[in-house]
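Participant: Could you look at this predicted model? Sequence included:
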Amino acid sequence: MSGSSIPASPAQPDSDMQAQHALLRAFVATVQHFFGDFPQLFAGVTDPRHPALITYSLATLLFTGVLMFACRLGARRQINHLFRGNQRSAAKFQALFRVETCPHGDTLDAAFSRLNPAELQEAVTGLTQTLIRRKVLYPYRLLGQYFLVVMDGTGVLVFSERHCPHCLTRTRDGQTLYYHPILEAKLVTRNGWALSLMTEFIENPGEHPTKQDCELKAFYRLADRLKQRFPRLPLCLLLDGLFAGGPTFDLCHRYGWKYLITLQEDDLPSVQREFKALLSLAPENHLHSSRRTPLPVHQDFLWANDIAYTDSDNREHSLSGIECLETCPVDDQPTVTRFKWVSNLTVTAKNVTALSNEGGRLRWKIENEGFNVQKNGGYALEHPYSQNATAAKVFYFLLQIAHLLSQLVEHGSLFRQAFPAGLGSSKNFAFRLLEAWRNLCLTLSEMPLLWAGHFQIRFDTS
């Protein structure tokens with residue numbers, strides 16, 4: 001294929017072409033700006049294939065997987081229908097990777113089944129680490145110090161028959177399901193990011209384990225890996241009540257981590273009793289605040305420090321408790337919602353609002369901006385992209401990369417300048433990106449102009 005122009009498809013209005021050009025530029029330039037060229041995204045992944053038998057570089061295959069998720073194709077076969085055979089798509093692959101066309105979806109599956117998933121994990125972690133090192137995420141630290149990391153589990157794949165020896169099993173009404181959950185550590189920010197930092201796959205060691213793997217066991221493994229990988233990074237974990245207990249408190253103490261753990265009424269009853277008792281002794285630990293989001297919201301904060309707690313191993317812990325009563329109008333009627341957290345941070349009148357609204361409340365971003373978007377926003381997290389267990393993990397990590405890149409683009413100033421009103425939803429963003437990749441006519445010499453020149457990319461920190 002030469003560097004000449006691709007034969008034209010039916011004419012498009014100039015405004016459509018300009019919008020496609022702006023969107024593709026925002027996508028390509030954002031990646032180049034923060035991470036270098038596209039092959040650099042996967043520089044640490046080893047290619048096990050014989051060099052003489054290679055048609056597509058490993059970076060080409062991995063990027064094709066990322067593009068599949070970024071464009072929300074929903075299935076591997078859509079690569080063949082939407083990218084292969086499209087000359088304008090082929091020209092972009094040639095410009096970025098020096099290949100003739102897009103690889104076949106089955107080629108991805110075959111190659112990924114031979115990769116080391118740990119190297120793909122490092123690729124995902126490395127992207128978020130790059131954003132930390134470049135201080136992109138500094139404005140979103142809690143109290144100007146702590147990066148917020150949510151650890152939570154979700155289901156990924158469910159089968160009616162055993163998928164592999166590592167499946168977890170659950171039997172209901174005589175029917176056995178085989179499933180593969182994961183535990184994610186996502187770095188979350190108040191502007192809406194949920195960036196994958198590290199993943200722990202919850203899986204059995206074989207078909208007949210004496211005890212199944214579970215979220216709590218995976219939590220300790222993931223915490224150990226996270227500490228080894230980021231030994232000095234100041235973290236504040238946002239956790240649900242499953243993790244409220246002595247082992248978690250002790251682990252965070254040893255690792256130097258802070259935590260804000262959501263409490264339900266039945267969690268840690270001795271802590272809840274002492275919290276109430278201390279509130280009656282310190283009536284000054286009360287703050288009322290109001291905000292408009294856009295409806296008027298009134299918040300009453302109550303807090304107590306130095307709550308003594310002795311766990312089942314007779315280890316003593318000094319905890320803090322926060323309670324927030326939030327009143328907002330629903331159908332013109334005031335509705336009160338109660339939030340409660342336990343923490344190892346000292347709570348004061350100066351920081352209680354930030355700890356609650358910019359800390360504990362952000363735990364839900366792993367559900368909303370994280371799992372819900374990846375399951376229902378077009379990424380099709382629960383779709384089995386491969387029957388091979390190793391390839392399935394590789395596809396999972398590529399989904400995390402695509403989600404991270406899409407978030408950077410959608411929140412970045414290049415995109416917001418081109419589309420000040422946005423595109424309506426992340427699904428619309430993906431659809432427009434797909435159309436730009438398939439339809440925008442660019443020569444080999446024009447492609448580098450997408451990221452050429454000096455520019456800055458800024459993000460909303462409000």
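Facilitator: Nice, I can see it.

Participant: Strands along the stretch 151-300 of the chain, start to end?
Facilitator: Taking DSSP state E, counting those that start in this stretch, the strands of the stretch 151-300 of the chain run over residues 168-172, 175-188, 194-201, 235-239, 258-262, 286-292, 296-310.

Participant: Could you dump those strands into a markdown table with mean neighbour count and distance to residue 443 added?
Facilitator: From N, CA and C alone the C-beta is placed, and that goes for glycine too. Compiled in a markdown table, those are given as follows (neighbours: other Cβ atoms under 10 Å; distance: least, Cβ to Cβ, whole Å):
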| stretch | mean neighbour count | distance to residue 443 |
| --- | --- | --- |
| strand 168-172 | 11 | 51 |
| strand 175-188 | 20 | 39 |
| strand 194-201 | 24 | 34 |
| strand 235-239 | 24 | 47 |
| strand 258-262 | 24 | 53 |
| strand 286-292 | 12 | 51 |
| strand 296-310 | 17 | 53 |
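
Participant: could you redo those strands as a markdown table and give each row distance to residue 153 and mean pLDDT?
Facilitator: What follows is the strands of the stretch 151-300 of the chain, written out as a markdown table (distance: least, Cβ to Cβ, whole Å; pLDDT from 0 to 100):
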| stretch | distance to residue 153 | mean pLDDT |
| --- | --- | --- |
| strand 168-172 | 11 | 87 |
| strand 175-188 | 5 | 93 |
| strand 194-201 | 9 | 97 |
| strand 235-239 | 11 | 98 |
| strand 258-262 | 15 | 98 |
| strand 286-292 | 32 | 88 |
| strand 296-310 | 25 | 95 |
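
Participant: where does this protein dip in pLDDT?
Facilitator: For the chain, the stretches flagged by pLDDT under 70 are 1-14, 462.

Participant: care to break it down by domain?
Facilitator: 14-116+388-450, 261-349 (automatic domain parsing).

Participant: Identify the bridge partners of the residue nearest to residue 296 when sequence neighbours are not counted.
Facilitator: Excluding the flanking residues, the one nearest residue 296 by Cβ to Cβ, 6 or more residues apart in numbering is residue 290, at 6.4 Å. According to DSSP bridges, the partner residues bridging residue 290 are residue 298.

Participant: what about residue 290, distance to residue 221?
Facilitator: 43 Å (Cβ to Cβ, to the nearest Å).

Participant: by contact count, what packs against the host helix or strand of residue 118?
Facilitator: In the assignment (DSSP states H and E), residue 118 maps to helix 117-133. Helix 117-133 is packed against helix 14-35, strand 194-201, helix 389-411, with contacts defined by 3 or more Cβ pairs under 8 Å, 6 or more residues apart in numbering; DSSP states H and E.

Participant: Could you tell me how far stretch 278-295 lies from the centre of the chain?
Facilitator: Distance, stretch centre to chain centre, for stretch 278-295: 32 Å (Cα atoms, centre = their mean, to the nearest Å).

Participant: Quick check: the closest residue in space to residue 239 that isn't next to it in sequence vs residue 52, distance?
Facilitator: Leaving out its chain neighbours, the residue that sits closest to residue 239 by Cβ to Cβ, 6+ apart is residue 261, at 4.6 Å. Residue 261 sits 55 Å away from residue 52, going by Cβ to Cβ.

Participant: same check, this time on residue 126
Facilitator: Using Cβ to Cβ, residue 126 is found at 30 Å from residue 52.

Participant: can you check residue 385 too?
Facilitator: Counting by Cβ to Cβ, the gap from residue 385 to residue 52 is 28 Å.

Participant: More neighbours: those two, which one.
Facilitator: The neighbour comparison of residue 385 against residue 52 (other Cβ atoms under 10 Å) goes to residue 385, with 25 against 5.

Participant: my guess is that one contacts residue 379, does it?
Facilitator: No - assessed by Cβ atoms under 8 Å, residue 385 is found out of contact with residue 379, at 10.6 Å.

Participant: returning to that earlier point: closest to residue 65 out of the helices and strands packed on helix 117-133?
Facilitator: helix 389-411 (4.0 Å; Cβ to Cβ).

Participant: That closest one: how far from the chain's middle?
Facilitator: With Cα atoms, centre = their mean, you get 8 Å for helix 389-411.

Participant: before we move on, what about stretch 319-334?
Facilitator: The answer for stretch 319-334 is 28 Å, by Cα atoms, centre = their mean.

Participant: residues of that stretch that come out buried?
Facilitator: For stretch 319-334, the neighbour count (16 or more other Cβ atoms under 10 Å) marks 319, 320, 321, 322, 323, 324, 326 as buried.

Participant: what's the answer for stretch 275-283, then?
Facilitator: Residues 275, 278, 279 are the ones in stretch 275-283 that count as buried (16+ other Cβ under 10 Å).

Participant: list the contacts for the residue nearest to the second one when sequence neighbours are not counted?
Facilitator: Beyond its immediate neighbours in the sequence, the residue positioned closest to residue 278 (Cβ to Cβ, 6+ apart) is residue 304, lying 3.8 Å away. Residues touching residue 304, when contacts are defined by Cβ atoms under 8 Å, 6 or more residues apart in numbering, comprise 274, 275, 278, 279, 282, 285, 320, 321, 347.

Participant: ok, now with 10 Å
Facilitator: In this structure, residue 304 makes contact with 271, 274-282, 285, 319-323, 347, judged by Cβ atoms under 10 Å, 6 or more residues apart in numbering.

Participant: what do you get for residue 33?
Facilitator: Neighbouring residues of residue 33 by Cβ under 10 Å, 6+ apart: 134, 408, 412, 414, 451, 455, 456, 457.

Participant: From residue 55, how far out is the residue lying closest to residue 170 once chain neighbours are set aside?
Facilitator: Leaving aside its sequence neighbours, residue 170 sits nearest to residue 177 (Cβ to Cβ, 6+ apart; 5.1 Å). Counting by Cβ to Cβ, the gap from residue 177 to residue 55 is 39 Å.
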